[in-house]
Every structure is written in structure tokens, then in C-alpha cells.
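K.L.:
Requesting a structural model of the entry that follows:
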Amino acid sequence: MIFSKKHSMYESDHTKFIKELKDKTPGMDERQVAGRALLWDKEPTSLDEQERVKQSRLRQNAYPYQTKV
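P.N.:
Numbering: from 1, shown residues only. Below you'll find the predicted structure:
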């Protein structure tokens, strides 16, 4: 598919909004990276730690409101 040159400079409204937001709030990129590191970028756990977590989990009933008779 060939795109014409008249559409090569097109920017969507969303792209314009993000660019304006980044221009208005300096340091946003650094805070975004820090937030990602807080939630997602974790050190890998050792096999011993994984086994300890696995053994410490409590088994739950499939239907917790059912009485045991």
C-alpha cells in the first residue's frame, strides 16, 4: 500500500493532545518511568522463594458459601 505525501504530516487529535500534555508538564516522562518501575519492573525471584510462596498459599473452596456437611 502506498501512502500519498499529503497524508505524511497528519497527526491525530490524540497525538496532539499527548504532545501538548508533555509540553505543559515537564518531568512527566521520568514520573511515568518511575511509576512503571514501581509496579512492573521487579527483580526475578529465586526458585527457593517461588517454592516458599507456592507452599504458603491457602487452598480455597470452589464455592466458599457452601456449608461443609
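
K.L.:
Buried residues of the least confident helix or strand in the chain by mean pLDDT, list them for me.
P.N.:
Each helix and strand of the chain was given a mean pLDDT (mean pLDDT, DSSP states H and E); the minimum falls on helix 28-39 at a mean of 91. Across helix 28-39, burial judged by 16 or more other Cβ atoms under 10 Å covers no residue at all. The way it works is simple: take the backbone N, C-alpha and C, and place the C-beta from them, glycine included.

K.L.:
From here on, call the first residue 770.
P.N.:
Yes, from this point I'll number from 770; that puts the last item at helix 797-808.

K.L.:
tell me which strands and helices it is in contact with?
P.N.:
If contacts are counted by 3 or more Cβ pairs under 8 Å, 6 or more residues apart in numbering; DSSP states H and E, helix 797-808 sits against helix 782-793.

K.L.:
quick one: the helix it packs on to chain centroid distance?
P.N.:
Chain-centre distance of helix 782-793: 21 Å, with Cα atoms, centre = their mean, to the nearest Å.

K.L.:
what packs against it?
P.N.:
Here helix 782-793 touches helix 797-808, going by 3+ Cβ pairs under 8 Å, 6+ apart.

K.L.:
what angle separates the helix it packs on from helix 782-793?
P.N.:
Angle, helix 797-808 to helix 782-793, by axes from the mean of the first three to the mean of the last three Cα atoms, to 10 degrees: 100 degrees.

K.L.:
Contacts made by the very next helix or strand once past helix 797-808 with the rest, please.
P.N.:
With elements assigned by DSSP states H and E, the helix or strand that comes after helix 797-808 is helix 816-825. With contacts defined as Cβ atoms under 8 Å, 6 or more residues apart in numbering, helix 816-825 is touched by T814.

K.L.:
residue ranges with poor pLDDT in the protein?
P.N.:
Scanning the chain for pLDDT under 70 picks out the ranges 770-775, 838.

K.L.:
repeat that for 50
P.N.:
Along the chain, the model assigns pLDDT under 50 to no residue.
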